[in-house]
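S.K.: 3D, please:
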Amino acid sequence: MSEPASLIVSCRIAPDRLAQALAARGPRVTDWSDWHLLGAGITASELAGLDLQVAASTGEILRRLRASAERPADWLFAHDPDRRSLTIGQTLFSDSWMTIIPALAALRRLGAVLGPDDRGVVLVHDWVFGRRGTLAALDLFGAGSAIIPAATAGPDAQALAASVLPPIRQAVESGLTAPVRDDLDGLIGSR
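M.R.: The predicted structure is shown next:
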């Protein structure tokens, strides 16, 4: 039986740059050459097969991710334009590299549009079951992104997960039928 890891994104991003990232339709998975740093053992042909999963806009990919949640309350997309902050969370995301890598590829698009003073992090972290720690981590920075070795994420990853995920888990356990907060559709429209 698989034990899904959680997805956490925390990013400082201006509203106009977030809109740009949500509309972006590239790069593809194979446009980055550092996937081997995840230690996932994915071959080049498997990575090429994942390119189709990221052909849609980032906003559409995030909508699909939201729709894949086991329960509707297991989703958070919170954007605070005044603070220039974006937080995304899902407690039961995935533990399959064939799901994780396309999601990371789509989220790397945030880094491509960040301003020089903006930063962010994307984590796939075993927060619910707590046996594996961080599976994958990305550093998002002005005009780019880089894979962070999962072993170095350590306590910072756990602290970020503990700050983002508990309200989502509580909503799921309470049986809520909608996310605690979901600003995604308002930012990309009803297309």
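S.K.: Confirm for me that Thr91 is in contact with Val128.
M.R.: Yes: in this structure, Thr91 is within contact of Val128 by CB atoms under 8 Å, at 5.8 Å. For glycine as for every other residue, the C-beta is placed from the backbone atoms N, C-alpha and C.
S.K.: residue contacts, Asp126?
M.R.: By CB atoms under 8 Å, 6 or more residues apart in numbering, Asp126 lies in contact with 3, 5-6, 95, 132-135.
S.K.: in the protein, which spans are strands?
M.R.: For the chain, applying DSSP state E gives strands covering 5-12, 76-80, 85-94, 119-125, 134-141, 144-147, 181-182.
S.K.: I'd like to know which of those lies nearest to Val172.
M.R.: Ranking the strands of the chain by proximity to Val172 (CB to CB) places strand 85-94 first, at 6.7 Å.
S.K.: Now that closest one - C-alpha only, PDB.
M.R.: Listed next in PDB are the C-alpha coordinates belonging to strand 85-94 (Å, rounded to 0.1, in the frame of the first residue of the first chain):
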ATOM      1  CA  SER A  85       2.700  35.500  -0.800                       C
ATOM      2  CA  LEU A  86       1.500  32.300  -2.400                       C
ATOM      3  CA  THR A  87       0.800  29.100  -0.400                       C
ATOM      4  CA  ILE A  88      -0.300  25.800  -1.900                       C
ATOM      5  CA  GLY A  89      -0.900  22.700   0.100                       C
ATOM      6  CA  GLN A  90      -2.300  19.200  -0.200                       C
ATOM      7  CA  THR A  91      -1.900  16.600   2.600                       C
ATOM      8  CA  LEU A  92      -2.400  13.500   0.500                       C
ATOM      9  CA  PHE A  93      -0.600  14.300  -2.800                       C
ATOM     10  CA  SER A  94       1.400  11.300  -4.100                       C
END
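S.K.: helices and strands around it, which ones?
M.R.: Packing partners of strand 85-94 (3 or more CB pairs under 8 Å, 6 or more residues apart in numbering; DSSP states H and E): strand 5-12, helix 58-67, strand 76-80, helix 97-113, strand 119-125, helix 166-173.
S.K.: Helix or strand with the lowest mean pLDDT in this protein?
M.R.: helix 150-164 (a mean of 86; mean pLDDT, DSSP states H and E).
S.K.: buried set for that one?
M.R.: Across helix 150-164, burial judged by 16 or more other CB atoms under 10 Å covers 150, 153, 157-158, 160-161, 164.
S.K.: Packing partners of it?
M.R.: By 3+ CB pairs under 8 Å, 6+ apart, helix 150-164 packs against strand 5-12, strand 119-125, strand 134-141.
S.K.: what angle do it and strand 76-80 make?
M.R.: 80 degrees (axes from the mean of the first three to the mean of the last three CA atoms, to 10 degrees).
S.K.: Please consider this matter closed, and thank you.
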